[in-house]
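K.L.:
Sharing a sequence plus its predicted fold:
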Amino acid sequence: MNEWNYDIFWKEALKQIREKISEIDNSMWFKNIRYYGSGKNKIILSVPSTFYKEQVTQKFSDLILSTISELTGSVMEIEFIVKQVTTQIGKEENTNGYKESEPKNKVKNSKSKQQITGKDTLEKNSNLRRDYVFDNFVIGESNTFAANACIAISKNPGKAYNPCLIYGGVGLGKTHLIQSIGNYILDNFKGMKVEYVTAEQFTNDFIRLLGEGEMYKFKNKYRKVDVLLIDDIHFLGKKMSTQEELFHTFNALYDYNKQMVFTSDRPVSELKNLTDRLRSRFSRGLNVDLQPPRYETKFAILKQKLETLGTNLDDEILDLICKNVTTNVRDLEAALTKLIAYGELLNKKITMDIAKEQLKDEFSNPRHGNITIDIIQKIVADYFNLSQNDLRGKKRTKAITFPRQIAMYITREITEYSTTEVGVDFGGRDHTTVMHACQRIESKLKSDPSLESIIQNLIRMIKENRINS
Ligand code: ADP
Ligand code: MG
C-alpha cells in the first residue's frame with residue numbers, strides 16, 4: 001500500500017464533472033475512465049485505449065485537472081494508463097495497482113502524461129500545445145509555402161521573415177503552424193522567450209491590466225519577448241484601443257528585430273475594421289495563405305493520424321472520407337475520430353457500410369440542406385462590412401459588386417437555386433447577370449489564390465449558421 005489514496009476525490013470529481021458536460025460526452029468518454037491508483041499529488045486513471053487517452057487528454061485535461069486540484073487543495077497531476085477493460089473489472093479497480101503493474105506502452109504514456117499535467121509546457125510557455133509541432137504537420141500543395149515559411153522563421157527567428165501573417169479558413173492548420181514555430185524555437189534556442197496568445201487573450205489582458213492600473217505588467221509580458229505569436233487577429237474587430245496597443249507593441253518589438261507571427265481567417269485586405277497603421281504593419285512582412293487540402297494531402301493526414309493512434313482503417317474507408325470531406329482538416333479529423341470511437345466502443349471492425357452510416361451527417365450534401373439565399377446574403381454582407389440591402393440593391397461600385405458576385409457564386413455552389421431564382425433574390429436581376437457573376441468569380445479564382453480561402457471560409461460560416469439555426 002502506498003500512503004496516497006485519492007479514490008474518494010476522483011469519485012467526487014466525476015460527480016462534479018458530470019454536471020458540467022453533456023450526456024454524450026459522459027457516456028462516450030467518462031464512463032470508460034476508471035480510477036486506477038494514486039501517487040504523491042497524482043491520480044492514475046485507466047482508459048481502454050491509446051485513442052481514448054489522446055481524446056480525453058485533448059478534450060478534458062483542463063476540466064479534470066482543475067476539478068481535482070480544487071477538491072484536494074493541491075496542484076495535482078493526472079496520469080492516464082491504457083488498460084483494456086477485462087471481465088475482472090472489480091480487480092482492475094484496486095487503488096494501489098500502479099506500482100506493480102507498469103503500463104505496457106510506457107513511452108507513449110509518459111508523453112501523454114506531460115501533456116495532461118502540462119508540466120513540461122508550463123515551464124516554457126503555458127499556452128503552447130506540445131503536440132503542435134512540424135513533425136506531425138503534413139505538407140502538401142495547399143500549405144507548402146506557409147509551412148516552409150514557418151520552418152524558415154523557426155530556424156532564424158527575427159531574421160527570415162518578420163513579421164509573418166498566416167491566413168486561411170477555419171480548420172486549415174493556422175494554430176498548428178504558429179504553435180509549431182513556438183515549440184521549435186523553445187526547443188532549439190535556449191533562453192529565448194516565446195509568448196503565444198490568441199488575439200482574444202491579448203485583448204483580455206489589455207483590458208484587465210489597464211483597468212487594474214498595471215500596464216507595466218502588460219508591457220512586461222508582451223514587449224519583453226523574443227518571439228510574439230498572436231493567433232486569430234481577426235478577433236480584434238473594432239476594438240480600437242486594443243489595436244492601438246498592439247500597434248505600439250509591434251513597433252517596440254520590430255525595432256529590436258524580435259520575431260512576430262500572426263494568424264487571421266482572411267487576408268489583411270479583408271480585415272475591414274483594422275486601423276490603417278496596423279494594416280500597414282501586418283502587410284509589411286510575409287503574408288502566406290493556407291488552402292483546403294487536396295485529396296493526397298488529406299489521405300496522408302489521415303494515415304499519419306492513424307499511425308499516431310496506433311490503429312488502422314482500410315484504405316477504401318480513408319478514400320471515402322477524403323472524397324466526402326471537402327471543407328478542412330478539422331472536419332477530416334472529426335470524421336476519423338467518430339469512426340474510431342464507434343469501433344472501439346462497440347468493439348467492432350469498421351466496414352464500409354458502417355462508415356457510410358456513421359458519417360452520413362458529416363457527408364450530408366449542403367445542396368440538400370436548408371441554406372437560404374437570405375442567410376448567404378447576410379453572412380457575405382457582414383463579412384464585407386456591407387448591408388444585405390447593398391447586395392440586393394442597384395449600386396455598382398466595386399466595393400459592392402465584388403461581394404455581390406461572391407454571394408451569387410456561393411449560392412450557386414452550395415444550393416439548388418436556379419440562376420433565375422438567384423437573380424430574383426438579388427434585387428430582381430436577370431439570370432444572365434448571375435451567370436456572368438459566377439464566371440467572373442471562377443476566372444478570378446484562377447488568378448487570385450487568396451480568393452479561394454475567402455470563399456471557403458464564407459461557405460463554412462454559412463453552413464455553421466445553418467446548423468445553429
Ligand atoms: P485553424 O487554426 O486554422 O482553425 P488548426 O491549426 O486548429 O486550424 O487545425 C485543425 C486541426 O487539423 C488540428 O488538429 C491540426 O493539428 C490539424 N491539421 C491541420 N492541418 C494539418 C496538417 N497539414 N497536417 C496534420 N494535421 C493538420
Ligand atoms: Mg486556430
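P.N.:
Arrived safely, thanks for sending. No experiment lies behind these values; they were computed from the predicted model shown. Numbers count the residues shown, from 1 in each chain. Ligands and ions are numbered 1, 2, ... in the order given.
K.L.:
right, is the longest helix along the chain up against ligand 1?
P.N.:
Taking DSSP state H as the criterion, the chain has its longest helix at helix 50-72. No. Helix 50-72 stays clear of ligand 1 (C-beta under 6 Å from any ligand atom), getting no nearer than 8.6 Å. The way it works is simple: take the backbone N, C-alpha and C, and place the C-beta from them, glycine included.
K.L.:
Find the nearest non-adjacent residue to the residue of the stretch 251-400 of the chain at minimum distance from ligand 2, please.
P.N.:
Nearest residue of the stretch 251-400 of the chain to ligand 2 (C-beta to the ion) works out as T263 at 6.6 Å. Leaving aside its sequence neighbours, T263 sits nearest to K174 (C-beta to C-beta, 6 or more residues apart in numbering; 4.0 Å).
K.L.:
now swap in G168 and tell me
P.N.:
With sequence-adjacent residues excluded and distances taken as C-beta to C-beta, 6+ apart, G168 is closest to L290, at 3.1 Å.
K.L.:
Confirm for me that that neighbour is in contact with E141.
P.N.:
No. Using C-beta atoms under 8 Å, L290 makes no contact with E141, being 11.1 Å away.
K.L.:
the more surrounded of these two?
P.N.:
Neighbour totals were compared for L290 and E141, and L290 leads with 25 against 11 (other C-beta atoms under 10 Å).
K.L.:
got the contact list for the residue in the stretch 251-400 of the chain positioned nearest to ligand 1?
P.N.:
At 3.5 Å from ligand 1, V329 is the closest residue in the stretch 251-400 of the chain, using C-beta to the nearest ligand atom. By C-beta atoms under 8 Å, 6 or more residues apart in numbering, V329 lies in contact with 171-173, 293, 298, 301.
K.L.:
cool, and V138?
P.N.:
By C-beta under 8 Å, 6+ apart, the contact list for V138 reads 297, 300-301, 304.
K.L.:
what residues does the protein put near ligand 1?
P.N.:
So far as C-beta under 6 Å from any ligand atom goes, the chain lies against ligand 1 at 136-138, 143, 168, 170-176, 301, 329-330, 333.
K.L.:
So which of those is the closest to ligand 2?
P.N.:
Distances from ligand 2 to the residues of the chain next to ligand 1, taken as C-beta to the ion, are shortest for T175 (3.2 Å).
K.L.:
what helix or strand is that closest one on?
P.N.:
helix 174-188 (DSSP states H and E).
K.L.:
After that helix, which helix or strand is next?
P.N.:
strand 194-198.
K.L.:
is ligand 2 contacted by that following strand?
P.N.:
No. Using C-beta under 5 Å from the ion, we find that strand 194-198 stays clear of ligand 2, coming within 7.9 Å at best.
K.L.:
Which strands and helices lie in contact with that strand?
P.N.:
helix 174-188, strand 227-231 (3 or more C-beta pairs under 8 Å, 6 or more residues apart in numbering; DSSP states H and E).
K.L.:
which one of these lies closest to I459?
P.N.:
Taking C-beta to C-beta, helix 174-188 is the member of these nearest to I459, at 17.3 Å.
K.L.:
List the buried residues of that closest one.
P.N.:
Residues of helix 174-188 classed as buried by neighbour count (16 or more other C-beta atoms under 10 Å): 174-186.
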